[in-house]
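Peer 1: Below: sequence and its predicted model.
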Amino acid sequence: MTADPLVAAWLSNRHDGPLDPALVADLDLARALPADLLDLPRWAWCGGPWTATGFRLILQAWEADPDAPGRLRPASLHARNVLADGAGKGAFPFDCDGRGLVFATGPDPAANGLPLVELAEGVPDWLRLAMARAERPEGRRSAVWGVVNGSATPELAELVPDGWTVAIRTHADPGGDRYATKWRDLLAPRGCTLRRQRMANGRAVHAATPDADPAPPMGRASWAEWTRFALGGLADAAADGAALALVWRFCADDCGGADRVPAPVADAHRRMVEALSPANLDVYRAKVRELGGDDGGQ
């Protein structure tokens, strides 16, 4: 990966934040097709061989495994165009439309430690989330899926255990909203907690205050309803430092940062942290560091 200058430059010089080519290679998240490899099968063409037209960053695509419930299996490939003036961003093999396919960090979502699946739209955001996941301690790594048009299918949704939390991090545009709605329609009836964080240029997009944001977290009719839900979650976790840190992380993610959490929730969190015993406070702070979040100034 790092030995290929064009692919490394595409990763390193992105306008939405650089992606470390060495880490992408170390984690085996993607591979580079050699530029001089032109004798490709016809399914690996898009206006010509992938290598000749710039589609040289290759990712594994997965699908639900019908023979192993709860698991994914390798199903196809996805090629990303690394030319600045290239035609088209990405391509699946000829006659493959991407339906039911995701990029993934492993075959078994339930084996990743946290009851959480993070859905990222497209290649760059998925790579970014997958690299951030790798920095977390073992046993505290959520499943991370990269979703594309047509990926939301009942077969994939069934891989998410009932009652899990699903963080939907699709783009702040009509396409991203459609992706999020499709996943919500599949997952909400199964008791999953859905958190929407709209993304643009690799970053969360929110108004200056949550109350001014026209789109509250998914599954909530308003920010007032979200506030009541968040307060209930904090109350349930109040006596457990680790659980309190995890709920606070979810609250901060929903709002685009700890400094944007509505005042009633932030104040309740502060009081609960202040009420923790010294031993539980140490547990809370360690969990905040482990999750890579913001402790809200506590």
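Peer 2: Great, that's in hand.
Peer 1: Contact partners for the residue sitting furthest away from the middle of the chain?
Peer 2: Distance from the C-alpha centroid of the chain, by C-alpha atoms, centre = their mean, peaks at Asp39 (34.9 Å). Going by C-beta atoms under 8 Å, 6 or more residues apart in numbering, Asp39 touches Pro49. Every C-beta, even on glycine, is put in place using the N, C-alpha and C of the backbone.
Peer 1: Near His78, how many residues? Count them for me, please.
Peer 2: When neighbours are counted by other C-beta atoms under 10 Å, His78 registers 22.
Peer 1: give the contact list for Leu19.
Peer 2: Counting by C-beta under 8 Å, 6+ apart, Leu19 has contacts Leu11, Ser12, Pro124, Leu127, Arg128, Met131.
Peer 1: Distance check, the fifth one against Asp39.
Peer 2: Using C-beta to C-beta, to the nearest Å, Arg128 is found at 33 Å from Asp39.
Peer 1: do the third one as well
Peer 2: Separation of Pro124 from Asp39 (C-beta to C-beta) stands at 29 Å.
Peer 1: Checking the nearest residue to Gly54 once chain neighbours are set aside next. Helix, strand or coil?
Peer 2: Closest residue to Gly54 apart from its sequence neighbours, by C-beta to C-beta, 6 or more residues apart in numbering: Leu83 at 3.4 Å. Taken by DSSP: H, G, I helix; E, B strand; the rest coil, the conformation at Leu83 corresponds to coil.
Peer 1: For Leu83, give me its contacts.
Peer 2: Leu83 is in contact with Leu6, Thr53, Gly54, counting by C-beta under 8 Å, 6+ apart.
Peer 1: Number of residues surrounding Trp126?
Peer 2: Residue neighbour count, defined by other C-beta under 10 Å, stands at 26 for Trp126.
Peer 1: excluding its backbone neighbours, what's nearest it?
Peer 2: Nearest to Trp126 is Gly146, by C-beta to C-beta, 6+ apart, at 2.9 Å.
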